[in-house]
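# with the sequence up front, the predicted model follows.
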Amino acid sequence: MNARLAFAMALVIAVAPTSADAKQPPKRHGSLSFASLPSCRAAALSLRFIGGQAAMGHDVLAFSLKNTSSSTCATSGYPRVLFFDKAGKPLATTPVPTTHDFFDAAPLQRLMVVPGAIVSFRLVATHDLTPAAGCAIAFGLQVILPNDAVSLRTSIANGVYECRRTTVSPLQTGDTAARWRAATR
C-alpha cells in the first residue's frame, strides 16, 4: 500500500465522488451521512500554507484547512480565493476553478471532515512577464469556503509571483493537493 493511500485512510475521512452522487446513496461515516452534516465553516477551521513549487512559468501553492472543532462537518467544491500584498492590501485575483491544472488532476469530491482532520486545495499562478499583465508578489491569501461567507487568511512565506489568473483545485482529502511534496521528501 502506498504511503499516500495509507495516510488518507488514517485520517478517517469518508469521501464520495460527486460524479457518482446521482447513482449511489449518500456516504456514511459511522451513523452520519454527508447530507445530514453541517457545512464546514471558517469558525471551525484553521488555514495553513503547506508549501509551493515552481516550474515552466507556473507556481503551484498548496493550502490546508484543519477541522479545529469537536464536530464533523461536510464540504465540497472550490474555495474562493484572493491574494494580498505585503501590506495586506488585496491584489487583483481571477480564480479559475478546475479539476485538472498544469500540475495534476484533482477530482471534485464530497468530504466529511472529522475533528482534527485536514482537507487541502492548490492554486496554480501563471507568470506573465509583460508589463500590462498586472503581476505582483502575493504574501497572503484569503479563503472563503463553499457555503460560507466568512473568510480565513494565511501568509505565504517569501511571497509568490502572481499575475491575476489563478487556477483553483477543488477541496481534497488530507494534504493530497500537495502530491508533489511526497516525491521531493
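Yes, it's here.

# distance of residue 113 from residue 47?
According to CB to CB, to the nearest Å, residue 113 stands 13 Å off from residue 47. (C-beta placed from N, C-alpha, C; glycine too.)

# more crowded one of these two?
Between residue 113 and residue 47, residue 113 has the larger neighbour count (other CB atoms under 10 Å), namely 27 against 18.

# what secondary structure does the residue most central in space within the chain sit in?
What sits nearest the mean C-alpha location of the chain, by CA atoms, centre = their mean, is residue 121, with 1.8 Å. With DSSP: H, G, I helix; E, B strand; the rest coil as the basis, residue 121 sits in strand.

# which residues does residue 166 contact?
Shown in contact with residue 166 (CB atoms under 8 Å, 6 or more residues apart in numbering): 81, 83, 93, 94, 95, 96, 123, 124, 125, 126.

# just those residues now: which is nearest residue 40?
Using CB to CB, residue 81 is the member of the contacts of residue 166 that lies nearest residue 40, at 16.0 Å.

# ok, back up a step: need the residues touching each of residue 113 and residue 47.
Taking CB under 8 Å, 6+ apart as the criterion, residue 113 and residue 47 both touch residue 65.

# which residue ranges form the helices in this structure?
Using DSSP state H, the helices assigned to the chain run over residues 3-10, 180-184.

# hmm, back to that, okay, and the beta partners of the residue nearest to the centre of the chain?
Beta-bridge pairing of residue 121 under DSSP bridges involves residue 63.
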